[in-house]
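In: build the 3D model from these lines:
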Amino acid sequence: MRYVSYVRCGRPSFGVLVPGGVVDLSRQIPGTHSLKEAIAEDLLGEAARAVAGRSAELALADVTLLPVIPDPGKVLCVGVNYVAHREETQRAAVGHPTIFTRFADTLVADGAPVIKPRASDNLDYEGELALVIGRGGRDIAADAAWDHIAGYAPFMDGSVRDFQRHTGQFTPGKNFPGTGAFGPALVTPDEVGDVTALPIETRLNGEVMQSASLADLIFSIPDVIAYVSSFTPLEPGDVIATGTPGGVGERRDPPVWLRDGDVIEVAVGAVGTLRNPVLAQR
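Out: Numbering: from 1, shown residues only. Next up is the predicted model:
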């Protein structure tokens, strides 16, 4: 199934994509108002049964998409998790995942503008796969980690590189408003199949800038979940972005930065494609 969060007539809601549009799940599952709530209450199976054979109630054009999970408790990102990216950044191999955080209010939905801030011309792209936690926990074993995933979505971890490099801490460069994108839909594992076999590609104005396989991750998805949950409890709806391949704009000669009017796309195999225009901060 493919679940979306959206606003219609000023009211936030969530639904499932079906041919021709969306079925509004807040009507099908009374008392549940968001995708995060449905995940936390283990209602995605009920949602799937509720929409079986149903026609679309709403056209996609009639709703405004939100980030897949608009209000995650945590957004945790893995840095330098592909060998090609580690090599282009000239970083040494490390024994544990490099983890940083992104604030939920920096994210925009599929189709919404990614904002190039006035403070910098060095906005870079990073295409990634994000996973959403379905069942929370602390000290989750790697061999049990797959059971804790509700689904996947493409992610664009836009990075303001000069602010990222001000010190050894990534936080400022990763948290300008509107610089990250997350969507269009939460795709459940049964629809994805073997996620480790999927290709990932980032395109800028139609030109391929990053291309890899999720099999190339240095730290696997189960290992990342095990490591993160060793220092912080994971809750339903939490988001983990798994890292970006080589080919980022900063490391090109000359560097390639996102500009007003650009279009950035992140395609992750069966998970789908995230597409956003770039808009300079007014």
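In: which ones are touching residue 83?
Out: By Cβ atoms under 8 Å, 6 or more residues apart in numbering, residue 83 lies in contact with 216, 218, 246. Yep, even glycine has a C-beta here, placed from its N, CA and C like the rest.
In: now the first one: how far from residue 84?
Out: Computed with Cβ to Cβ, to the nearest Å, the distance linking residue 216 and residue 84 is 8 Å.
In: same question for residue 256.
Out: 16 Å.
In: scan this protein for its longest helix.
Out: For the chain, the longest helix by residue count, based on DSSP state H, is helix 221-231.
In: give me the residues contacting it.
Out: So helix 221-231 is contacted by 76, 78, 81, 96-97, 99, 131, 133, 137-143, 145-146, 148-149, 195-196, 219, 234, 240, 242 (Cβ under 8 Å, 6+ apart).
In: and if you look at stretch 21-33?
Out: The contact list for stretch 21-33 (Cβ under 8 Å, 6+ apart) reads 3-4, 6, 12-16, 38, 41, 43, 46-47, 50-51, 54, 56-60, 62-63.
In: can you name the residues that contact the residue nearest to residue 8 when sequence neighbours are not counted?
Out: Leaving aside its chain neighbours, residue 8 sits nearest to residue 63 (4.8 Å; criterion: Cβ to Cβ, 6 or more residues apart in numbering). When contacts are counted by Cβ under 8 Å, 6+ apart, residue 63 touches 4, 6-8, 22.
In: need the pLDDT of residue 63.
Out: Note on residue 63: pLDDT of 97.
In: offset the numbering so it begins at 41, please.
Out: That works, and once the first residue is 41, the last one we named lands at residue 103.
In: tell me the mean pLDDT over stretch 302-314?
Out: Here the average pLDDT along stretch 302-314 is 98.
In: and for stretch 176-195?
Out: The pLDDT scores in stretch 176-195 average 98.
In: which parts of it are buried?
Out: Neighbour counts using 16 or more other Cβ atoms under 10 Å place 176-177, 180, 185, 188-195 of stretch 176-195 among the buried residues.
In: helix or strand for the closest residue to residue 167 other than its chain neighbours, which one?
Out: In space, and not counting its chain neighbours, residue 167 is closest to residue 242: 3.3 Å by Cβ to Cβ, 6+ apart. Secondary structure from DSSP states H and E places residue 242 in strand 239-244.
In: now residue 88
Out: Residue 88 belongs to helix 84-91, assigned by DSSP H and E.
In: what bridges to the most centrally placed residue in the chain?
Out: The centroid of the chain falls nearest to residue 195 when counting by Cα atoms, centre = their mean (3.1 Å). Applying DSSP bridges to residue 195 gives these bridge partners: residue 168, residue 222.
In: what sits in contact with each of residue 256 and residue 124?
Out: Between them, residue 256 and residue 124 share the contacting residues residue 285, judged by Cβ under 8 Å, 6+ apart.
In: before I go, just wanted to say thanks for your time.
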